[in-house]
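> okay, here's the prediction I keep looking at, along with the sequence it came from:
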Amino acid sequence: MPRPRKCKKVCCLPENNLFGPINKRDIESEIIPMTVDEYETIRLIDLEGMTQEECAERMNVARTTIQRIYIDARKKLATSLVYGNRLLIEGGDYELCGEKEQPAFRCPRCHKRNCF
């Protein structure tokens, strides 16, 4: 029996979940799916400047899990940029911060509770 999937803690959902070229006429081109936890990993490591260890701690998973997620997410971003495919962010195994916990403090970035 496989090990159950662990939910990753995610601070907030992206404001926009579909990205792609604006000058491409073929709107039926391949859509590359990116999960919300992949998006959060890219946000924390590349935008916020965290290490993989810090990101893993924030998302409440192992560093090796973050490393795998990060590699997959970067591959999807590169494919979208190079080949002009649309990128759709949705789904995945995640839990928004504060869904199961009592509020303690607010995230300095998005002002939601329990992001740390």
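Arrived safely, thanks for sending.
> SS state for residue 87?
Following DSSP: H, G, I helix; E, B strand; the rest coil, residue 87 is assigned to strand.
> quick one, what contacts it?
Each residue near residue 87 by CB atoms under 8 Å, 6 or more residues apart in numbering is listed here: 18-20, 31-32, 34, 76-77, 80. The way it works is simple: take the backbone N, C-alpha and C, and place the C-beta from them, glycine included.
> all helices for the chain, in order.
36-42, 52-59, 63-83 (DSSP state H).
> residues touching residue 38, list them.
69-70, 72-73, 76, 89, 92.
> among the residues you listed, who's most crowded?
In terms of neighbours by other CB atoms under 10 Å, the contacts of residue 38 top out with residue 69 at 25 neighbours.
> so what's that one up against?
With CB under 8 Å, 6+ apart, residue 69 has these contacts: 8, 37-38, 41.
> find the nearest non-adjacent residue to residue 65, please.
residue 56 (6.9 Å; CB to CB, 6 or more residues apart in numbering).
> okay but the one you found is in contact with residue 66, surely?
Yes - using CB atoms under 8 Å, residue 56 is in contact with residue 66, at 4.3 Å.
> of these two, which one has the most company?
Shown here are residue 56 and residue 66; by other CB under 10 Å, residue 66 has more neighbours (26 against 22).
> contacts only, for the more buried one.
Going by CB under 8 Å, 6+ apart, the list of residues near residue 66 reads 41, 45, 52, 55-56, 59.
> nearest residue to the middle of the chain?
Residue closest to the mean C-alpha point of the chain, counted by CA atoms, centre = their mean, is residue 39 at 2.1 Å.
> spit out the contact partners of that one.
Residue 39 touches 14, 73, 89, counting by CB under 8 Å, 6+ apart.
> cool, thanks, talk later.
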